[in-house]
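**Q** Structure, please.
(one chain, ligands or ions: 1)
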Amino acid sequence: MTYTKAWLNYEKMDDSPERICVALSETGPIADSIRRELQIAFEAMYGVAPIFADQTDKEALFVTFHCSKVHMYGEEGYLVKAVPGKITVESGGQRGLLYGMFAMLERLRMGEYAFTLAQTPSNPIRMLDHWDNLDGSIERGYSGNSFFFCNEEVTVTERIRDYARMIASVGINAVCINNVNVRGVAAELITARYRAPLVQLSRIFEAYGVKLFLSLNFASPKRIGGLDTSDPCDERVRAFWRERIADVFEGIPNFGGFVVKADSEGEPGPFAYGRTHADGANMLAEFARPYGGIVIWRCFVYNCQQDWRDTKTDRARSGYDNFIGHDGEFADNVILQIKNGPMDFQVREPVHPLFGGLKKTNMMLEVQIAQEYTGQQRHVCYLLPMFHEILNFRTFCGQESDTIADIVSGRTYGNRNCGMVAVTNTGDDENWTGHDLAAANLYGFGRLAFNTSLSAEDIARDWIRLTFGLNQKVLENVQAILMMSWPAYEKYTSPLGIGWMVTPHTHYGPDVEGYEYDRWGTYHRADHMGIGVDRTPAGTGYTAQYNEPNASMYANVETCPEELLLFFHHMPYAHVLKTGKTIIQHIYDTHFEGAEEAERMLALWRELQGLVEPASYMRTLARFENQAEHAKEWRDRINTYFHRMSWVEDEKGRKIY
Ligand code: GCU
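**A** Residues are numbered from 1 along each chain as shown. A predicted model of the protein is given here:
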């Protein structure tokens, strides 16, 4: 299958040097990748193949790479200095040289010839989690099938190298290739059965500085080890893991460790044996430690068999309640992977309270660029503004550096096993991400994880120019679309932080009561008077999981940020917001506005006919047309539901059904 080059789509530049000389004395797989990348880029941009030599002449563009062991930018950081005719790239390691090279190419592609770039990555671990299954399907995948697996086999193709190039170009240094729900033969990825292709795959990633991870099934001792228990404290179970883990690390080069979803949504875990998550995670970590391996343990643990009549049990509380008591018990090569919010990647959620609660535990921030609840890559929804807000959230954890960005980067507590991970959005579709514009989330996640101080606007601008070229009109329109897309999506879907209201299971499209009487702990509690969940101390008490002053800020209707009002409070429709509008009028207005904004995005895209490559234009046009229609469906379903519930007329007399 053919596929696009996404943002590595090097275009011919107007000015070309006559010759390009590159001095790079390093050897090894990453150095070879640098040579390969320069060859690809310079030939496409300038029609000139670089000459690898230590000397140059006056006419040539001379690029020099220096790797010094004790460089101030570390092993992954870089310093790039460019003046016309001469560029130097320095780092303390080959990965830094690779990142510096990609950063240099980006500037050259924008037509810049004199620049200084100095960057150390903000986060030690910058990771993508694939939810790919061995049959080739992808859980919550909206871009075709897996390019890692097909028919219960691991597939090693040239496409994977191109994927490694793409993600390395934005600084990703870890990938987990299989679904956290480890079902069927996927449990055997840690056995000899899949060894040979995994070694090949890992070598491809190694050449681009990316460590390979696998998700494992906690019940493997029973499932594939022939034991009658998976109790982490049982000696036979420990022996099973000791041998398996040693075998994986010794057999697969460039192997980073494991991702584990335990005691969550039916996946097995230590609770079945009366053991704690620390018991489970530490046992695995003990056997990974001799290899420098890590265990990434997910905190998405909640009761998914709830009774909707029960208003005291609160799913939002569960991550914190399950883990806070174990702070300090996890080994230093265990990282707790915490979703950005306490529920599940909704369009708007408060930041997960565990980040501000845990003080002696490694943490990683998990976001989802697969748009499970944000339009499934049929709608455009540029998520970087959301991620930016999350990273800047102050936890008041009692340390000087107390934002989410500080905590997950290791600045707050001085740790190294931490960082950011995204559930990723790629598949074998021609354009990688289903919607051409969804690639901005993949590119953007990598850039933001590498440098958390970048703005969503700047990242969007770079992505647009690298993907679509330097046309000003394209830049303006696509930038406008991206920046309005998340607010628009929020407006025409569920209001004021309440979330859900989606079709059960598929999570696409409106169904206001779809999850209202179900077992998943996802309720809006709307009646004829009002809507929302009381999570104050008078309600479920969730607000108390935050440090002060956040706890009081959320608990008090006056100070609670209004975009989250219904997440924290059950409010009457007649409540007047700071805008002077009642909640019910706000619901009507935002839904009409959001649908209009979807029309506006379609119109902005239409203006680009002839300016964007035709296949990409047409593919994307079809998605925008669909989005505009679907936004109306959302608008009408939500407005009609609340009109019928509340009996309150729209002040503006618009059509509600
Ligand atoms: C969501 C998603 C599941 C996924 C789960 C997880 O609930 O719908 O498909 O397995 O998150 O993060 O583990």
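**Q** What residues does the protein have near the ligand?
**A** Glu139, Arg140, Val180, Asn181, Lys261, Glu265, Phe300, Asp344, Glu372 (Cβ under 6 Å from any ligand atom). Where C-beta positions appear, they are placed from N, C-alpha and C, glycine not excepted.
**Q** Widest-spaced pair of those?
**A** Lys261 and Glu372 (15.4 Å; Cβ to Cβ).
**Q** For stretch 496-511, buried residues please.
**A** Across stretch 496-511, burial judged by 16 or more other Cβ atoms under 10 Å covers Leu496, Gly497, Ile498, Gly499, Trp500, Met501, Val502, His507, Tyr508, Gly509, Pro510, Asp511.
**Q** Just put those residues in TSV and tack on distance to Gln200 and secondary structure.
**A** Compiled in TSV, the buried residues of stretch 496-511 are given as follows (distance: Cβ to Cβ, whole Å; DSSP: H, G, I helix; E, B strand; the rest coil):
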residue	distance to Gln200	secondary structure
Leu496	50	coil
Gly497	46	coil
Ile498	47	coil
Gly499	42	coil
Trp500	42	coil
Met501	45	coil
Val502	39	strand
His507	35	coil
Tyr508	36	coil
Gly509	40	coil
Pro510	45	strand
Asp511	44	coil
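**Q** So which of those residues is the closest to the ligand?
**A** Nearest to the ligand among the buried residues of stretch 496-511: His507, at 6.5 Å, using Cβ to the nearest ligand atom.
**Q** so what's the residue nearest to Ile51 when sequence neighbours are not counted bridging to?
**A** Leaving aside its chain neighbours, Ile51 sits nearest to Cys21 (5.1 Å; criterion: Cβ to Cβ, 6 or more residues apart in numbering). Legend: beta-bridge partners of Cys21 under DSSP bridges are Ile51, Phe62.
**Q** Give the helix, strand or coil label for Val259.
**A** When classified by DSSP: H, G, I helix; E, B strand; the rest coil, Val259 comes out as strand.
**Q** Count the residues that sit near it.
**A** 26 (other Cβ atoms under 10 Å).
**Q** that older thread, now the residues of the chain next to the ligand: which count as buried?
**A** The buried subset of those - by 16+ other Cβ under 10 Å - is Arg140, Val180, Asn181, Lys261, Phe300, Asp344, Glu372.
**Q** what's Arg465 in contact with, if anything?
**A** Going by Cβ atoms under 8 Å, 6 or more residues apart in numbering, Arg465 touches Arg109, Met110, Leu475.
**Q** packing partners for whatever helix or strand the last one lives in?
**A** Read that as Leu475. Counting by DSSP states H and E, the element that carries Leu475 is helix 472-492. In terms of contacts (3 or more Cβ pairs under 8 Å, 6 or more residues apart in numbering; DSSP states H and E), helix 472-492 is packed against helix 384-391, helix 456-468, helix 583-606, helix 614-646.
**Q** one more time with 10 Å, if that's ok
**A** helix 384-391, helix 439-450, helix 456-468, helix 583-606, helix 614-646 (3 or more Cβ pairs under 10 Å, 6 or more residues apart in numbering; DSSP states H and E).
**Q** Contacts only, for the nearest residue to Tyr273 once chain neighbours are set aside.
**A** Leaving aside its chain neighbours, Tyr273 sits nearest to Asp231 (3.9 Å; criterion: Cβ to Cβ, 6+ apart). Residues near Asp231 by Cβ atoms under 10 Å, 6 or more residues apart in numbering: Pro221, Lys222, Val237, Arg238, Pro270, Ala272, Tyr273, Gly274, Arg275, Asp279, Gly280, Met283.
**Q** Show me the residue at the heart of the protein, geometrically.
**A** Ala422 (2.3 Å; Cα atoms, centre = their mean).
**Q** can you tell me the helix or strand for that residue?
**A** Under the assignment here (DSSP H and E), Ala422 is part of strand 419-423.
**Q** What is that strand packed up against?
**A** Using 3+ Cβ pairs under 10 Å, 6+ apart: strand 419-423 touches strand 125-129, strand 174-176, strand 294-298, strand 334-339, strand 363-368, helix 384-391, helix 404-409, helix 439-450.
**Q** So in that sheet, which strands flank it, and in what orientation?
**A** Strand 419-423 has these strand partners (DSSP bridges): strand 125-129 (parallel), strand 363-368 (parallel).
**Q** Ala168 and the ligand, how far apart?
**A** Relative to the ligand, Ala168 is positioned 25 Å away (Cβ to the nearest ligand atom, to the nearest Å).
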